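1. Give me coordinates for this.
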Amino acid sequence: MAWTPDPNIRGLKGTFDYGAPTTPPVQTYTQPTYTPSSPYQAPSPYQTNPYTAPTYEAPTPFSRTEYSRADPFVSPTADSMQQDPGYQFRLTEGQKALERSGAARGVTNTGGNLRDILDYGQRAASQEYGNVYNRALQNYSLNEQNRLNAYAMNYGNVEDAYRMNEANRARAFDQNAMRGFQAYGANELARASAYGTNEEARRSAYDVNQLNAQNAYATNAAANQAKYLMNVNQAQQDYANQFNSWVEAYNQWRQSSADRFQEQFYTAQV
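-> Just a heads-up that it's a prediction; the model follows:
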């Protein structure tokens, strides 16, 4: 049976300090707290821009200058008839013929010949008035017909130009409206595509940030645990070293006390 010295008994080497090293307290492991990021916020619903159709401006009503009729036909007067070149020519030629006839018969200035000349002039005036009237009426009618024809032609040209211009304007409006609608569709498609791309990038960035945060937490937690284990192991090693040193000191004291006892015991016997 191993001898255990009584700590209350003083040995030859004096009293030994039996206070062995106490077991170090075990440190409580503290797990780092993971703080999650804010929840992912879904984007607001995509809003399309309303399409505004262009308004076609109604054409200005077609208008034309009304045809102005000529003044009514005015019958030629006796004075105007006498100014007619044809009447004057025939009257002069007839009178000359009567004068030559009277001169041939030697009755140029007689009352009968002068009366014949006067009668001829009156008959010529009566007959020629109808011709002058007809010619004036024909000229009046021809001029009015020509004026009416020119008006109708100009009216047709103006109306054709009006209809052509309005057709071209309507066609240009349709083409511009179609191009505007196509541009609107292209812009909305590009805007929607950009919206989707941006939201996808935002969601990807959020996921990357979450993954990085989780990886960083795992790395920190592993480092914290490794440090904790290293500290615990070091504390245990330090305790073991202290305890071994104490045991060694105790054994040395015990052996020294035994040696002194043997020396004194054998000396007393001798």
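2. and the lengthiest helix in the chain, what does it pack onto?
-> Scanning the chain for the helix with the most residues, using DSSP state H, yields helix 111-269. In terms of contacts (3 or more C-beta pairs under 8 Å, 6 or more residues apart in numbering; DSSP states H and E), helix 111-269 is packed against helix 78-82, helix 85-105. To be clear about C-beta, it is placed using only N, CA and C from the backbone, and glycine gets the same treatment.
3. lowest-confidence stretch among those helices?
-> For the helices and strands packed on helix 111-269, the weakest mean pLDDT is recorded on helix 85-105, namely a mean of 57.
4. Give me the neighbour count for residue 76.
-> Using other C-beta atoms under 10 Å, residue 76 is surrounded by 19 other residues.
5. Let me fix that, I meant to ask about residue 132.
-> 21.
6. again, but for the one 3 residues further on
-> Taking other C-beta under 10 Å as the criterion, the count of residues near residue 135 is 14.
7. pLDDT value on it, please?
-> At residue 135, pLDDT is 81.
8. Then residue 61?
-> Residue 61 is given a pLDDT of 86.
9. for it, phi and psi?
-> phi -50, psi 140 (degrees, to the nearest 10).
10. any idea how far residue 166 is from it?
-> From residue 61 across to residue 166, the span is 11 Å (C-beta to C-beta, to the nearest Å).
11. cool, residue 213 as well?
-> Distance of residue 213 to residue 166, given as C-beta to C-beta: 69 Å.
12. same check, this time on residue 221
-> 81 Å.
13. Least confident secondary structure element in the chain?
-> helix 85-105 (a mean of 57; mean pLDDT, DSSP states H and E).
14. hmm, back to that, neighbour-wise, which of residue 61 and residue 166 wins?
-> residue 166 (14 against 6).
15. What sits closest to the more buried one if chain neighbours are left out?
-> Counting by C-beta to C-beta, 6 or more residues apart in numbering, the nearest residue to residue 166 once its immediate chain neighbours are dropped is residue 59, at 4.8 Å.
16. any weak-confidence spans in the chain?
-> 1-20, 26, 77-129, 261-270 (pLDDT under 70).
17. Kindly recompute the last result at 80.
-> Counting by pLDDT under 80, the chain has low-confidence residues at 1-27, 29, 62-71, 73-133, 250, 253-270.
18. show me what contacts residue 181?
-> Contact analysis of residue 181 by C-beta atoms under 8 Å, 6 or more residues apart in numbering lists 51, 53.
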